[in-house]
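**Q** the following comprises the amino acid sequence and a computationally predicted model.
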Amino acid sequence: MSILVDSNTKLVVSGITGREGTFHSLRNRDYGTQVVGGVTPGKGGQDVEGIPVYDTFHAAVAETGANTAMIFVPPRFAADSILEAEDAGIDLIVAITEGIPAHDELRAFNVIKKNGRARLIGPNCPGILSPGKANVGIIPAAFFKEGNVGVVSRSGTLTYQIGNVIAQEGFGNSTIVGIGGDPVPGSDFIDIVALFQEDPETELIVMCGEIGGDAEERAAEFIASGVTKPVVAYIAGFTAPPGKTMGHAGAIVSGSRGTAKAKAEALESKGVRVGRTPTEVAELAASLLAAAA
Amino acid sequence: MDLLEYQGKQVFARHGVPVPSGRHAQTVDEAAAAADDIGYPSVIKAQVQIGGRGKAGGIKVAGDHGEAREHAQAILGMDIRGLTVHELWVEGASQIASEYYASVVFDRSAKAPLVMLSTKGGMDIEEVAETDPGAIARLHVDPLLGFQEFHGRRLAFEAAVDADVVRPVGAMLASLYEVFVAEEATLVEVNPLIVTPQREVRALDAKVTLDDNALFRHPENAELRDPSREDPQERMAKERSLTYVKLDGNIGILGNGAGLVMSTLDVVAQAGGSPANFLDAGGGSKAEAITSAVEVILSNPNVRAVLFNIFGGITRCDEVARGLIEAFDQINPTVPFVVRLDGTNDVDGRQLLAEADLPNVFTESTMDGAAQKVVKLAA
């Protein structure tokens, strides 16, 4: 088992004919993901190394039975593409695009929530990898193998760093989910932690947060209210000064809220082990798993 | 992007938010002429993007031409919490019967706009929120529905504004919401929102933060950016499409990915060092981007040592190594570098560095080891 993406995933990629879109679609297919189609308005009927391209999501879904979408189009077109995928009946939408206007994200999020049909991961995220099953996004799969650690993170490379140290300790991953670094992520820690809690393969959850917002604090409450699997957390940004955006649009300390210290304390007060460095997180995870084995 | 008060008021005026009439000035002569035209008493206000202007002496009332000159002279060039005043806004002094607070903010946890109204205007609203949370009326607006008249009425009644201004205050909230949506702002705040003795409602201040990602749809707002007011290193980085934030320490940091760079700053601080900057070279960085980044980092004279922390995913470690070698070729740095390369093509990258045998470049295999090494070198 795993969560969100696996061998049943049938992926259609919006922006497949762009340079990055082509590169990562083919990489995902090489990994074993069923990439059944792409969408580029005006290029319907063409193909990208055998992957058929459609003009609309609706045509792609009708022809291929796709259930998952990956969004790779530039920021100004991305919210529209997300909404088109939702309208076409896609179940899972993974938005990689960085730099989408906040009001566009707000609209897309609220439409998806209101209709209650689709799940959105991202935007501005590295995607989802279920090792040995499917890779949807830009996560470098070579560093990860199958296993029982579920990872959910706001950051891409930080996830690779932590995942790599966990792998060096001899453990693998059920699924790695990048929820993205934007102010309005389609899915929050809570949504993903809930899925890991129900996933029989996942035995331990690693949560990788950063400054800004209160998603980590709310996750702490949620974990206390009924997550029985052990959770280990990491928070980046202890040295970030207030009022400065640290690379991610969502990573900003405003006033006294959203600091790394407040987040770490909120998690620790609910029994979540918080590592002070990526290495410490991996060591904590390894020792908890070794003790459970 | 944060707008200056007068820019915010000009945006307000476009959407029908009532503001006192005023003029922009950059010299003492301009300020005095503006005050003469507007009439006395008029207010000379420092235009800087920071709170507490009044307390710092950056807002003064002038009763005549002589006072207007005197205040403009004193305020121009003044330092307000680290920011130098280059611009003034001169407007007619308003008579104030009541001071309220109003705002529309992007509420991340509710994932909806939050509109707030309070009769405790003119004060630090964070302090009011802590000491007297009941004094702030709050309402989330469904962004798919938009702001309705009943929202305005409900907020005005719940905040208990004076009964005779319920309608105009509600109308002002509707206009502020329109600013928020139409200009794609993430914050629109008025503190104070005043009621005059003639029972007119006006925005006496304006704080507007625009979404940088949406500026392509608002060319007139994009022009309000003034690069000459930005930190020189941050400006240089922006021109090269690098994400750079200047910090107070002496260890230059470069990494790929915002989360990893933040984490690198933390690990360096835990090792006893003090980072000089945040620099995210981004995903898939090519050699030229790395060379460019080294120039930006070294343009800060405080830097005593530099740490490269790369975990290659899309980014290839051999490209990073090539960029560093090129940087040494072009600018011949005098400070030591510690380089940690892991991930995609890491073996090739380390090999390239070993062959180049650059002076004062040390490679480390772990993030923790690299942090300790660079702290030692910067000491």
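**A** Nice, thanks for sending it over.
**Q** quick one, what contacts the residue of the stretch 1-150 of chain A found nearest chain B?
**A** Proximity of the stretch 1-150 of chain A to chain B (Cβ to the nearest Cβ) peaks at residue A:101, 3.7 Å away. Using the backbone N, CA and C atoms, a C-beta is placed for each residue, glycine as well. By Cβ atoms under 8 Å, 6 or more residues apart in numbering or on different chains, the contact list for residue A:101 reads A:75-76, A:79, B:184, B:211, B:213-214, B:217.
**Q** what's the closest non-adjacent residue to it?
**A** Spatial nearest neighbour of residue A:101, chain neighbours left out: residue B:214 (3.7 Å); criterion: Cβ to Cβ, 6 or more residues apart in numbering or on different chains.
**Q** residue of the stretch 101-250 of chain A nearest chain B, please.
**A** The stretch 101-250 of chain A approaches chain B most closely through residue A:155 (2.2 Å), counting by Cβ to the nearest Cβ.
**Q** correct me, but that residue touches residue A:250?
**A** No - with contact defined as Cβ atoms under 8 Å, residue A:155 does not count as touching residue A:250 (10.3 Å).
**Q** mutual contacts of those two, please.
**A** With Cβ under 8 Å, 6+ apart as the test, residue A:155 and residue A:250 both reach A:181, A:210.
**Q** pick out whichever of those two has more residues nearby.
**A** residue A:155 (30 against 24; other Cβ atoms under 10 Å in any protein chain shown).
**Q** and that one, what's its pLDDT?
**A** Confidence at residue A:155, expressed as pLDDT, is 90.
**Q** how about residue A:258?
**A** Reading off the confidence values, residue A:258 has pLDDT 86.
**Q** and what of residue B:283?
**A** Note for residue B:283: predicted pLDDT of 67.
**Q** same deal with residue A:209?
**A** 95.
**Q** which residues does the residue nearest the centre of chain A bridge with?
**A** A centroid search over chain A (Cα atoms, centre = their mean) returns residue A:178, at 2.5 Å, as the residue closest to the centre. As for beta bridges, residue A:178 partners with residue A:127, residue A:153 under DSSP bridges.
**Q** element containing residue B:297, please.
**A** helix B:287-298 (DSSP states H and E).
**Q** quick check: angle from whichever helix or strand comes after that helix to helix B:287-298?
**A** The first helix or strand that comes after helix B:287-298 along the chain, using DSSP H and E, is strand B:305-312. Angle of strand B:305-312 versus helix B:287-298, following axes from the mean of the first three to the mean of the last three Cα atoms, to 10 degrees, is 150 degrees.
**Q** so how far is strand B:305-312 off the chain centroid?
**A** Put simply, strand B:305-312 sits 27 Å off its chain's centre (Cα atoms, centre = their mean, to the nearest Å).
**Q** and if you look at stretch B:240-248?
**A** With Cα atoms, centre = their mean as the basis, stretch B:240-248 stands 13 Å off its chain's centre.
**Q** what's the helix or strand for the residue in chain B that chain A sits nearest to?
**A** As assessed by Cβ to the nearest Cβ, chain A sits closest to residue B:259 within chain B, at 2.2 Å. Using DSSP H and E, residue B:259 sits in helix B:258-270.
**Q** what helices and strands are in contact with that helix?
**A** Other helices and strands packing on helix B:258-270, by 3 or more Cβ pairs under 8 Å, 6 or more residues apart in numbering or on different chains; DSSP states H and E, are helix A:156-168, strand A:204-210, strand A:231-236, strand B:251-255, strand B:277-280, strand B:305-312, helix B:367-378.
**Q** average pLDDT across it?
**A** Per-residue scores along helix B:258-270 average to 95.
**Q** now do stretch B:179-191
**A** 96.
**Q** run through who's touching that stretch.
**A** By Cβ under 8 Å, 6+ apart, the list of residues contacting stretch B:179-191 reads A:101-103, A:183, B:11-12, B:15, B:17, B:101-106, B:113, B:121-122, B:125, B:146, B:172, B:176, B:203-211, B:214, B:217-218, B:221.
**Q** just the ones in strands from the residues you listed, please.
**A** Here DSSP state E is the test, and the contacts of stretch B:179-191 give B:101-106, B:113, B:203, B:207-210 as lying in strands.
**Q** count of neighbours near residue 127?
**A** As the question left the chain open, I've gone with chain A. Per other Cβ under 10 Å, the neighbour tally for residue A:127 reads 24.
**Q** other chain: chain B
**A** Neighbours around residue B:127, by other Cβ under 10 Å: 10.
**Q** what comes up buried for the helix or strand hosting it?
**A** Taking DSSP H and E as the definition, residue B:127 sits inside helix B:125-131. By 16 or more other Cβ atoms under 10 Å in any protein chain shown, the buried positions in helix B:125-131 come out as B:125, B:128-129.
**Q** wait, does that helix contact chain A?
**A** Yes - counting by Cβ under 8 Å from any Cβ of the partner chain, chain A is contacted by helix B:125-131 at residue B:126.
**Q** export that helix to CSV, keeping only CA atoms.
**A** Only the C-alpha atoms of helix B:125-131 are listed here, as CSV (Å, rounded to 0.1, in the frame of the first residue of the first chain):
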residue,chain,number,x,y,z
ILE,B,125,-4.1,46.4,16.4
GLU,B,126,-2.1,43.3,17.4
GLU,B,127,-2.1,44.7,20.9
VAL,B,128,-5.9,45.2,20.8
ALA,B,129,-6.2,41.6,19.5
GLU,B,130,-4.3,40.4,22.5
THR,B,131,-5.7,42.5,25.3
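**Q** what's residue 252 in contact with, if anything?
**A** Using chain A here. Residue A:252 touches A:211-212, A:243-246, A:258, counting by Cβ under 8 Å, 6+ apart.
**Q** not quite, go with chain B.
**A** B:275-277, B:279, B:297-298, B:300, B:303, B:305-307, B:335.
**Q** mind putting these into a markdown table with pLDDT, distance to residue A:231 and neighbour count?
**A** Formatted as a markdown table, the contacts of residue B:252 follow (pLDDT from 0 to 100; distance: Cβ to Cβ, whole Å; neighbours: other Cβ atoms under 10 Å in any protein chain shown):
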| residue | pLDDT | distance to residue A:231 | neighbour count |
| --- | --- | --- | --- |
| B:275 | 96 | 29 | 26 |
| B:276 | 96 | 35 | 26 |
| B:277 | 95 | 33 | 25 |
| B:279 | 94 | 31 | 28 |
| B:297 | 94 | 36 | 27 |
| B:298 | 93 | 41 | 17 |
| B:300 | 92 | 39 | 19 |
| B:303 | 96 | 38 | 20 |
| B:305 | 96 | 37 | 22 |
| B:306 | 96 | 36 | 28 |
| B:307 | 96 | 30 | 31 |
| B:335 | 94 | 41 | 16 |
